[in-house]
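Engineer: sequence first, then the predicted structure, then my questions.
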Amino acid sequence: MLQLKYYSYELAFEYPFITSHGMKTHQPTLITSLGLGNLTGYGEAPAISYYNITVPQMVESLEAKRSMIERYALTDPQRFWHFLHHLIPGQHFLIAALDIAGWDLFAQMRRQPLYQLLSIKWGDTPLTDYTIGIDTLENMVEKLKAHPWPVYKIKMGRPDDLDCLRVLRANTDAPFRVDANEGWTMEETKRLLPELQKLGVTLVEQPLPREENEAMIELKAISALPLFADESCRTEDDVKKCLDGFHGINIKLTKCGGITPAMRMIKDARNLGMKVMMGSMSESSIGTAAIANMLPLLDEVDADGPLLLKEDVAEGLKYEHGVIKLSGGSGLGVKFTGKR
């Protein structure tokens, strides 16, 4: 019988984290654990206000379904996901936390790192970026200088975006990825794209609101820079919908429902000829380790959650100038160190 536990945290950011969706100084997150014998698997779901997801909501759902989850016989993580998908339909964040914990536990039962259980051959992993959130120009430069990195993600979505990027470019030669988080209009994006290319931007995430599909199709036809869907690609059903308007997709484990659907989304995107990125939602090392185990399948990765947070609840991941290194241990390869 599974032993279900959970822990909630308010993890402080090193700097206030500002995007076009707003500002936050702490990241609320829910850590779930599934125990069997002397083994315990861990998962994570950060709470995101603009998706109307809170930790108390997830805890309430967990308690309501606790007995059914604990009675589940974990013989296949993919079947466990389908069980959760029907048990708590539509609750992708919570399903993700339990799905990750299930995969972690099952890989430990098999005495394998997660990537081996997923039949992923290790090698040629992309570099993760370091995110510079929206701030004053002085503060953004200060963050950049305090964190020398081989590639940066720059959050955008305000009138002086180009001026900001020019100032940052004067302080580093590293490539930039730009993320507007739906913060631009069609006309702004058309004006900005050629200038972004001149400033060493290598890709653009979600320039327009999710609803503006026709405009994205027009943008893709004229853009020399790869356009990646973020808010437009939440779940498996969105992958094919993004084909005409984007060159690639950014998969978020919490939004899609965990490792199980993410693996299918990667396969679907590849079959459609699209590029694949996986992104952070400011997870600790637990949620980030789930992303890290899939690195060889990705073209790009934004897995800098532990770098942005002032505190963590696990150890085992290492960052070496953009390269993420796993511990080599079974399961996710991280050890939970948070307060219980």
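Structural biologist: Structure's in. What do you need?
Engineer: can you list the domains in the chain?
Structural biologist: Per the record, the chain has its domains at 3-114, 117-332, by automatic domain parsing.
Engineer: now the longest one: average pLDDT?
Structural biologist: Across domain 117-332, pLDDT averages out at 97.
Engineer: ends of it, what's the gap?
Structural biologist: 11 Å (CA to CA, to the nearest Å).
Engineer: what of the first one?
Structural biologist: According to CA to CA, domain 3-114 extends 21 Å from its N-terminal end residue to its C-terminal end residue.
Engineer: buried set for the helix or strand Asp163 falls within?
Structural biologist: Asp163 is part of helix 161-169, with elements assigned from DSSP states H and E. Within helix 161-169, the residues scored as buried using 16 or more other CB atoms under 10 Å are Asp161, Cys164, Leu165, Leu168, Arg169. C-betas here are computed from N, CA, C, even on glycine.
Engineer: Leu105: which of those is nearest?
Structural biologist: Set against Leu105, the nearest of the buried residues of helix 161-169 by CB to CB is Leu168 (42.4 Å).
Engineer: show residues contacting the helix holding Asp163.
Structural biologist: Under the contact criterion CB atoms under 8 Å, 6 or more residues apart in numbering, helix 161-169 has outside partners 132, 137, 140-141, 144, 152, 154, 156, 158, 176, 178, 192, 195-196, 199-201.
Engineer: for ChimeraX, what selects the buried ones among those residues?
Structural biologist: Selecting only the buried entries of the contacts of helix 161-169 in ChimeraX, with 16+ other CB under 10 Å as the criterion:
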select :132,140,141,144,152,154,156,176,178,192,196,201
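Engineer: just the ones of the contacts of helix 161-169 in helices?
Structural biologist: Leu137, Met140, Val141, Leu144, Leu192, Glu195, Leu196 (DSSP state H).
Engineer: tell me which of the residues you listed is nearest to Ala290?
Structural biologist: For these, the minimum distance to Ala290 (CB to CB) is 27.8 Å, reached by Leu144.
Engineer: quick one, what contacts Asn38?
Structural biologist: Here Asn38 is in contact with no residue (CB under 8 Å, 6+ apart).
Engineer: enumerate the positions of the longest strand along the chain that are buried.
Structural biologist: For the chain, the strand with the greatest residue count under DSSP state E is strand 3-19. Judged by neighbour count using 16+ other CB under 10 Å, the buried positions of strand 3-19 are Leu4, Tyr6, Tyr7, Tyr9, Leu11, Phe13, Tyr15, Phe17, Ile18, Thr19.
Engineer: for it, packing partners?
Structural biologist: Packing partners of strand 3-19 (3 or more CB pairs under 8 Å, 6 or more residues apart in numbering; DSSP states H and E): strand 22-36, helix 55-70, helix 305-308.
Engineer: which ones are touching the nearest residue to Met68 once chain neighbours are set aside?
Structural biologist: Leaving aside its chain neighbours, Met68 sits nearest to Leu87 (6.2 Å; criterion: CB to CB, 6 or more residues apart in numbering). Shown in contact with Leu87 (CB under 8 Å, 6+ apart): Lys65, Met68, Ile69.
Engineer: from Trp81, how far off is the last one?
Structural biologist: To tie it back to what came earlier, the one meant is Ile69. Taking CB to CB, to the nearest Å as the measure, Ile69 falls 12 Å from Trp81.
Engineer: and Tyr7, by the same measure?
Structural biologist: For Tyr7, the distance to Trp81 - CB to CB - is 22 Å.
Engineer: now swap in Ile18 and tell me
Structural biologist: Going from Ile18 to Trp81 by CB to CB gives 34 Å.
Engineer: and Pro46, by the same measure?
Structural biologist: For Pro46, the distance to Trp81 equals 19 Å [CB to CB].
Engineer: any idea how far the longest strand of the chain is from the chain center?
Structural biologist: Distance of strand 3-19 from the chain centroid (CA atoms, centre = their mean, to the nearest Å) equals 14 Å.
Engineer: now stretch 163-181
Structural biologist: On the basis of CA atoms, centre = their mean, stretch 163-181 sits 21 Å off its chain's mean C-alpha point.
Engineer: how far does it stretch from start to finish?
Structural biologist: 18 Å.
Engineer: for the protein, what's the longest helix?
Structural biologist: The chain, longest helix under DSSP H: helix 92-109.
Engineer: who touches the next helix or strand along the chain from that helix?
Structural biologist: Per DSSP H and E, the first helix or strand lying C-terminal to helix 92-109 is helix 114-117. For helix 114-117, the external contacting residues (CB under 8 Å, 6+ apart) are 103-104, 106-107, 110, 122, 259, 289-290, 293-294, 296, 326, 331-333.
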